[in-house]
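Novice: got a structure for you, letters missing:
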């Protein structure tokens, strides 16, 4: 009977996971394996007319990520930082669909940024046409139609971890 009382006082991993799920606090000191998927939503819109390589974007984790024992490692609502690596408008026949490359930089768990290395699954975008001016793009002649590559805020993304991720305590 005493053992049951102690077990109830110390809590189990299932109770810890339940507490984490309801409190939004991650179970820290846990490792996520390579190939774990993180689902998130991009918070910033992107446009090849406005943004440039090096710009920072933000995403919010849309589904909590749990370890093998069910403990939440990355709570829903955690912030992910991404960087634009390349971003090109669509121009004529040479590059009609434009080009976009994003790099995953970090995830913030319990207020602490954790370096994150992952492969971003293809990101949905659309093209929006406009007429080029002489200062718009050296590759396009004035009057040519340029298709801006646009990623809307609210676009879902999936990141597949390239390495294990150890989430440490504060």
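Specialist: Yep, that arrived. Bear in mind the structure is a predicted one, so any value in this text is a computation, not a measurement.
Novice: all helices for the protein, in order.
Specialist: Secondary structure of the chain (DSSP state H): helices located at 2-10, 13-23.
Novice: averaging pLDDT over each of the ones you listed, which comes out lowest?
Specialist: Among those, helix 2-10 has the lowest mean pLDDT, at a mean of 30.
Novice: next, count neighbours for the residue nearest to residue 128 when sequence neighbours are not counted.
Specialist: Closest residue in space to residue 128, ignoring its immediate chain neighbours: residue 148 at 4.8 Å, by CB to CB, 6 or more residues apart in numbering. In short, each C-beta sits where N, CA and C put it, glycine included. Neighbours of residue 148 under the rule other CB atoms under 10 Å: 20.
Novice: hmm, residue 148 is touching residue 89, no?
Specialist: Yes - shown here, residue 148 and residue 89 form a contact pair, counting by CB atoms under 8 Å, at 5.3 Å.
Novice: what stretches of this structure score poorly on pLDDT?
Specialist: Scanning the chain for pLDDT under 70 picks out the ranges 1-29, 92-96, 130-144, 169-170.
Novice: gap between residue 67 and residue 53?
Specialist: Distance, residue 67 to residue 53, using CB to CB, to the nearest Å: 35 Å.
Novice: quick one: which of those two has more around it?
Specialist: With neighbours defined as other CB under 10 Å, residue 67 and residue 53 compare such that residue 67 has more, 19 against 12.
Novice: who's in contact with the more buried one?
Specialist: With contact set as CB atoms under 8 Å, 6 or more residues apart in numbering, residue 67 has these partners: 27, 30, 31, 32, 73.
Novice: please redo it, this time with the cut-off set to 6 Å
Specialist: Going by CB atoms under 6 Å, 6 or more residues apart in numbering, residue 67 touches 30, 73.
Novice: pretty sure residue 158 contacts residue 121?
Specialist: Yes - at 4.2 Å, residue 158 counts as touching residue 121 under the criterion of CB atoms under 6 Å.
Novice: who's more crowded, those two?
Specialist: The residue with more neighbours, out of residue 158 and residue 121, is residue 158; 16 against 12, by other CB under 10 Å.
Novice: and that one, how far from residue 82?
Specialist: 13 Å.
Novice: rewinding a little: what touches both of residue 148 and residue 89?
Specialist: Joint contacts of residue 148 and residue 89 (CB under 6 Å, 6+ apart) are residue 48.
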